[in-house]
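> give me a model of this one.
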Amino acid sequence: MISIAATGAFIAFYVPAMPTRQYKIQIALAPLVTIVAGIASSFVKHWPAERLLPLYCAAMLSAALAFLGRRPWLRQGVLDYIEHGDQASAKAPLGVWVQLVLTMVVMGSLGVWLASAAR
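Residues are numbered from 1 along each chain as shown. Below is the predicted model of the structure:
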């Protein structure tokens with residue numbers, strides 16, 4: 001149930017933020033790609049699926065929380081990337097980097113902790 005909510009939060013945040021139909025489709029498929037990669041990883045590492053769910057939920061929620069309140073900046077950054085490619089001139093402000101790093105560290109740690117508790 002939590003994984004469905006995390007996926008919904010990811011899609012609800014990122015799909016409207018994408019400026020073109022192609023990017024909307026790509027971002028909507030990201031949870032599916034993440035699930036497939038997680039399942040493949042679980043087969044290789046011989047992990048039970050319940051150990052992957054906390055990691056998946058943490059990844060989806062951290063991606064949405066990392067840019068929470070910064071959707072207009074994210075949309076403009078994607079448009080700049082579309083127009084200028086790797087030469088995109090828009091640099092992220094310090095606040096964006098702080099929010100991104102803190103969110104990834106906190107949610108990543110939470111996901112690893114919950115996955116290790118799911119033994």
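> buried ones in the lowest-mean-pLDDT helix or strand in the chain?
Least confident helix or strand, the chain: helix 71-84 with a mean of 86, by mean pLDDT, DSSP states H and E. Neighbour-count burial for helix 71-84 flags Trp73, Leu74, Gly77, Val78, Leu79 (criterion: 16 or more other Cβ atoms under 10 Å). For glycine as for every other residue, the C-beta is placed from the backbone atoms N, C-alpha and C.
> tell me how far it is from the chain's mean position?
Put simply, helix 71-84 sits 17 Å off its chain's centre (Cα atoms, centre = their mean, to the nearest Å).
> what packs against it?
Helices and strands touching helix 71-84, by 3 or more Cβ pairs under 8 Å, 6 or more residues apart in numbering; DSSP states H and E, are helix 2-17.
> tilt between the helix it packs on and helix 71-84?
60 degrees (axes from the mean of the first three to the mean of the last three Cα atoms, to 10 degrees).
> residues contacting helix 2-17, please?
Helix 2-17 has contacts (Cβ atoms under 8 Å, 6 or more residues apart in numbering) with 24, 27-28, 30-31, 53, 56-57, 60-61, 63-64, 67-68, 71, 74-75, 78.
> may I see the buried residues of it?
Ser3, Ala6, Thr7, Ala9, Phe10, Ile11, Phe13, Tyr14, Ala17.
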